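S.K.: Need a 3D model of the sequence below.
(one chain, ligands or ions: 1)
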Amino acid sequence: MRIPDPRVQPPGFIRGLFPGATWRYSPENPEVYLTFDDGPVPEATPWVLEILEKEDCKATFFCVGENVVRHNTIYRRIIEEGHTTGNHTYNHLQGLKTTEREYTANVEKASEVIDSRLFRPPHGLMTLSQYRQLETRYNMVLWDIVSRDYHPEVSPDKICRNVIDYIRNGSVITFHDSVKTIQKLKIALPLIIKMLKDSGYLPVAIPDIRTSCIPLHADRPVNLSGKA
Ligand SMILES: [Zn+2]
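M.R.: As a prediction, the model looks like this:
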């Protein structure tokens, strides 16, 4: 029997750290959710959009605010082509190295240019107090499978296997539309999409449920103690 790789499919105790977050959608339906983090960038995102269009798939892009400002035409193209976007902070901050006030302010700054109620923390990491502040305003989306495309030792073949070995109904799958990953994705992504379709899976975008917007700190003071 295959021993599951916790670096690819997070085990239950990791998922329990952020209990209200979405790691996987309904196991009842053969829908799967391709997600792309860290863009938009001209070196990678247009190519990803082209393959998605060619394959008639929708996906979700967790964007970095400063990239949205720099490459706004690509950001608008993502939306115009029917995909959804999510907030991935303004400067790709690592939560554990950032104060709660700085982190939430950075997310809010990103929300001025990314109109979405979806949020994914860079590196999948944030403190519990950051999480609790943000979960009142955002649908937190982590992942069921991370392709590990960013890792220098993970080849296109391994990216394919990471997805194919762990895919199941409702899987949220993480890739990166970045300079670092694009050459590998050009090989792996078409194969992955073909495999998903051949196996009966339907790649769809994560719905961005636009709830009414409450200013982040309007209802309670900022908690700087680090305690909930
Ligand atoms: Zn990221």
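
S.K.: Every contact and neighbour count from this point should use C-alpha atoms.
M.R.: OK.

S.K.: residue ranges with poor pLDDT in the chain?
M.R.: 1, 210-228 (pLDDT under 70).

S.K.: residue in it nearest to the ion?
M.R.: Pro122 (4.1 Å; CA to the ion).

S.K.: neighbours of that residue, just the number please.
M.R.: 20 (other CA atoms under 10 Å).

S.K.: and what of Lys54?
M.R.: 10.

S.K.: and if you look at Lys97?
M.R.: 11.

S.K.: Got phi/psi on it?
M.R.: phi -110, psi 10 (degrees, to the nearest 10).

S.K.: For it, list the residues it contacts.
M.R.: In this structure, Lys97 makes contact with no residue, judged by CA atoms under 8 Å, 6 or more residues apart in numbering.

S.K.: again with Cys63
M.R.: 37-40, 85-89, 114.

S.K.: What about those, which are in strands?
M.R.: 37, 85-87 (DSSP state E).

S.K.: Quick one: which of the residues you listed is the most crowded by neighbours?
M.R.: Asn87 (31 neighbours).

S.K.: before we move on, back to that, now do the same contact list for the residue of the chain closest to the ion.
M.R.: Per CA under 8 Å, 6+ apart, neighbours of Pro122: 88-89, 92-95.

S.K.: before we move on, the earlier item: turn the ones in strands among the contacts of Cys63 into a markdown table, including distance to the ion.
M.R.: Formatted as a markdown table, the ones in strands among the contacts of Cys63 follow (distance: CA to the ion, whole Å):
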| residue | distance to the ion |
| --- | --- |
| Asp37 | 5 |
| Thr85 | 13 |
| Gly86 | 11 |
| Asn87 | 10 |
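
S.K.: Would you reformat these as TSV and include distance to Leu189?
M.R.: Shown next, in TSV, are the ones in strands among the contacts of Cys63 (distance: CA to CA, whole Å):
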residue	distance to Leu189
Asp37	14
Thr85	19
Gly86	21
Asn87	23
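
S.K.: Cool, thanks, signing off.
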